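Student: sharing a model prediction with you, sequence too.
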Amino acid sequence: MVGIVIVSHSAKVAEGIRELAQQMAKPEQKIIAAGGMADGSIGTDAMRVSEAIEEAMTEAGVVVMVDLGSAVLSTDTALEILDESLRARVRIADAPILEGTIGAVVEASVGSSLEQVLATAEGAREMRKCL
Amino acid sequence: MVGIVIVSHSAKVAEGIRELAQQMAKPEQKIIAAGGMADGSIGTDAMRVSEAIEEAMTEAGVVVMVDLGSAVLSTDTALEILDESLRARVRIADAPILEGTIGAVVEASVGSSLEQVLATAEGAREMRKCL
Amino acid sequence: MSSFTVAALEAVADRIIQHKELLTSLDAAIGDADHGINMARGFEAVRVKIRAAAPETDISGLLKMTGMTLISTVGGASGPLYGTAFMRAAAAAQGKETLDQEAIAQIWSAALQGIKDRGKASRGEKTMLDAMEPAYEAFVEAAKAEKSLVESLEVACEAAKEGIEFTKTIIATKGRASYLGERSLGHQDPGATSSYLMLAALTEFFHNQQLGA
Amino acid sequence: MSSFTVAALEAVADRIIQHKELLTSLDAAIGDADHGINMARGFEAVRVKIRAAAPETDISGLLKMTGMTLISTVGGASGPLYGTAFMRAAAAAQGKETLDQEAIAQIWSAALQGIKDRGKASRGEKTMLDAMEPAYEAFVEAAKAEKSLVESLEVACEAAKEGIEFTKTIIATKGRASYLGERSLGHQDPGATSSYLMLAALTEFFHNQQLGA
Ligand SMILES: Nc1ncnc2c1ncn2[C@@H]1O[C@H](COP(=O)(O)OP(=O)(O)O)[C@@H](O)[C@H]1O
Ligand SMILES: Nc1ncnc2c1ncn2[C@@H]1O[C@H](COP(=O)(O)OP(=O)(O)O)[C@@H](O)[C@H]1O
Ligand SMILES: [Mg+2]
Ligand SMILES: [Mg+2]
Ligand SMILES: [Mg+2]
Ligand SMILES: [Mg+2]
């Protein structure tokens, strides 16, 4: 099952999204929140992100969800720190963080591939909430 | 200045997004989090949402950001509870909640109209994070 | 009439609370595993509210109390949906002093329309409507065919049960289960199930009243 | 060489920490009002780290320490950007034992490329690159024209200052300030300013060293 990492500048946001996603997940699914800085301030920390990716890693790989552009910079930096063998199995989703995470978790829960989970996360962009 | 209400099933998510948005906001701007249930559980509460809308209300109106479809149901219900005179000045954004809120807050901060703030929120759908 | 309505609503609340686990486990399969938790939390609050209601509170007032309470305590999609249903029921019940077959049909019709207005769903989208609407139609049919209130309710219950079975054969296109796409197939809808449970409780309640009478 | 490099890095750190408020207020106008907070937090951690470094740590080791620390403590976009710059600088400094003009040009070139690779920005997007790149180019030019290290750094500082002025005339198309669209016009870029401050601190440091020598 593809693991999911949630990178937000806010620890509350990352943890809250993790809780929402967990509701839709299989119990054994790996969903790791990497929000905020070690000292609690707002920001992203490439070291925490790289640890979260390691924690979420499975055979099937990891999709990383990000909130803002600078979270991508931290995640790219985290990838550079990571083992090359792991790095190949990581994708950063260019997707809305909350909506994409829910979609990705549901997709991953049925054993879909890394690319399928990524596509579903990014497809959340088109999700309509108001009917 | 258009007020912003953030409706999430998770209190952490709503509060965290409020903090992130506040960083980009004018000090006098109204950004109200309405996340979770009164007892702390995950969910949305139309009563809280209607109070939050009243709190965020300005001459220019209020844009409500929602996380998932059922948050829209609660917000629609909240609108029914609200005074009709207020209701006309409220829009629900069909937008990614985090990305849309940041966009909406920045747009509102320069005194844009209700419809402009709504359009910017909904335009966040097209935002690209990875370059 | 107040104590009668309170007792009817309590029967509904008790039934939902008793089936908390069932509803949650159905929601675990195609949703977020909270429908039973949501509904039980809501109806526990309703039970407290209506028990404490002033004795002169009329049917409409009790239904409104129920709706408002569900809206602010359930938390999931079912909160605004059932909440709106009870609020509309309250409006339809205004001035009504007995719950006869015709009154029930009118109130039910308003409640059903409330769910449709709120959720913008229609039958066949794997929601509570797939139990609620055929049940309502069966009730009206039976009433037209001069069946008694209890008989009509029993027929409606059967239709709701069939509606639940029907939800197993379709894909969800509204609500959270729609995130699953085809994978919602084969599972029964939690909301359709809670609708059936409420109706079954009411049916039993009226049945027992009749026996007692 | 270690204590020399530590002193140079400390000069940079001190300058940034002294200008915390300036950087934050620049970021308040077109960003999220944290650039000074971010950079000061980062360089306070750097100061602690490098002061505690083993005396035999070489230039490359100290630069790497700085980069890693910025990456994990700054928090904003500037963290991975400056962090990567120092990491790349460390790689380029490997084996180098003195910081002469040529070594500095090589290290700086690698750092600049690191920022470009990480941020995928180029000049004219209202970022730190608008100070950093013209400064680097001016430095190389001056060195070619046989100016001294300190003279070359001074020329580079002037170019960085002009770069800051230039950022006032353009619209941000990278980073948070790009959310503002046209409204970023007229404001100077915080990151360009912190780049200038670091360079100015280094310039003064080498100037003082020369006087002391
Ligand atoms: N738009 C809708 N219209 C009608 N019923 C709906 C709609 N969305 C969801 N439902 C019903 O709500 C039920 C789920 O309720 P619940 O689990 O309490 O809410 P949530 O999905 O927000 O967790 C579904 O099984 C379905 O019957
Ligand atoms: N993609 C990028 N490439 C180069 N520099 C960038 C990029 N994005 C942002 N910056 C620089 O980072 C600065 C902002 O840093 P900071 O405030 O610490 O981060 P954040 O914007 O995440 O709060 C900007 O002023 C700009 O110079
Ligand atoms: Mg549910
Ligand atoms: Mg729910
Ligand atoms: Mg900033
Ligand atoms: Mg920031």
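Tutor: That came through fine. Ligands and ions are numbered 1, 2, ... in the order given.
Student: part of a strand, is A:Val5?
Tutor: Yes: under DSSP: H, G, I helix; E, B strand; the rest coil, A:Val5 sits within a strand.
Student: so what sits opposite the closest residue to A:Glu55 other than its chain neighbours in the bridge?
Tutor: Spatially, and ignoring its direct neighbours in sequence, A:Glu55 is nearest to A:Ile32 (5.0 Å; Cβ to Cβ, 6 or more residues apart in numbering or on different chains). In this view, the C-beta of every residue, glycine as well, is placed from N, C-alpha and C. Counting by DSSP bridges, A:Ile32 is bridged to A:Val5.
Student: residue contacts, A:Ile32?
Tutor: Shown in contact with A:Ile32 (Cβ atoms under 8 Å, 6 or more residues apart in numbering or on different chains): A:Gly3, A:Ile4, A:Val5, A:Ile6, A:Arg18, A:Ala52, A:Ile53, A:Glu55, A:Ala56.
Student: just the buried residues out of those, in ChimeraX syntax.
Tutor: Burial among the contacts of A:Ile32 is assessed by 16 or more other Cβ atoms under 10 Å in any protein chain shown; the matching ChimeraX selection reads:
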select /A:3,4,5,6,18,52,53,56
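Student: nearest to ligand 3 within chain A, name that residue for me.
Tutor: Closest approach of chain A to ligand 3 (Cβ to the ion) occurs at A:Gln23, with a separation of 7.7 Å.
Student: which residue packs closest to that residue, ignoring adjacent ones?
Tutor: C:Asp32 (3.7 Å).
Student: quick one: the worst-scoring helix or strand of chain A on mean pLDDT to chain centroid distance?
Tutor: The weakest-scoring helix or strand in chain A, judged by mean pLDDT, DSSP states H and E, is helix A:84-87 (a mean of 94). For helix A:84-87, the separation from the chain centroid amounts to 17 Å (computed by Cα atoms, centre = their mean, to the nearest Å).
Student: cool, and stretch A:36-51?
Tutor: The answer for stretch A:36-51 is 14 Å, by Cα atoms, centre = their mean.
Student: burial count for residue 108?
Tutor: Defaulting to chain A. 30 (other Cβ atoms under 10 Å in any protein chain shown).
Student: sorry, I should have been clearer: chain C.
Tutor: With other Cβ under 10 Å as criterion, C:Trp108 counts 21.
Student: the closest residue in space to it that isn't next to it in sequence: helix or strand, and which one exactly?
Tutor: Excluding its sequence neighbours, the residue lying closest to C:Trp108 (Cβ to Cβ, 6+ apart) is C:Tyr136, at 5.3 Å. Assigned by DSSP states H and E, C:Tyr136 belongs to helix C:129-144.
Student: and that helix, what other elements does it pack with?
Tutor: Contacts defined by 3 or more Cβ pairs under 8 Å, 6 or more residues apart in numbering or on different chains; DSSP states H and E place helix C:129-144 against helix C:101-119, helix C:149-168, helix C:190-212.
Student: still on that earlier bit, got the contact list for the residue of chain A closest to ligand 3?
Tutor: A:Gln23 touches B:Ile42, C:Asp32, C:Ala33, C:Asp34, counting by Cβ under 8 Å, 6+ apart.
Student: these: which two are farthest apart?
Tutor: B:Ile42 and C:Ala33 (10.7 Å; Cβ to Cβ).
Student: can you tell me the closest non-neighbouring residue to A:Thr44?
Tutor: In space, A:Thr44 is closest to A:Ser74, 3.9 Å off (Cβ to Cβ, 6+ apart).
Student: give me phi/psi at the one you found?
Tutor: Main-chain dihedrals, A:Ser74, degrees, to the nearest 10: phi -70, psi -40.
Student: so the residue nearest to A:Gln23 is in contact with A:Met24, correct?
Tutor: Yes: assessed by Cβ atoms under 8 Å, C:Asp32 is found in contact with A:Met24 at 5.3 Å.
Student: who touches both of the two?
Tutor: With Cβ under 8 Å, 6+ apart as the test, C:Asp32 and A:Met24 both reach C:Arg176.
Student: and the pLDDT for the residue of chain A closest to ligand 3?
Tutor: Looking at A:Gln23, its pLDDT reads 95.
Student: can you check C:Met1 too?
Tutor: On the pLDDT scale, C:Met1 gets 59.
Student: and the strands in chain A?
Tutor: Secondary structure of chain A (DSSP state E): strands at A:3-8, A:31-35, A:62-66, A:90-93.
Student: looking at these, which is closest to ligand 6?
Tutor: strand A:3-8 (11.9 Å).
Student: which positions in stretch C:120-131 come out as buried?
Tutor: C:Ala121, C:Arg123, C:Glu125, C:Lys126, C:Thr127, C:Met128, C:Leu129, C:Asp130, C:Ala131.
Student: burial count for C:Arg15?
Tutor: Applying other Cβ under 10 Å, I find that C:Arg15 has 20 neighbouring residues.
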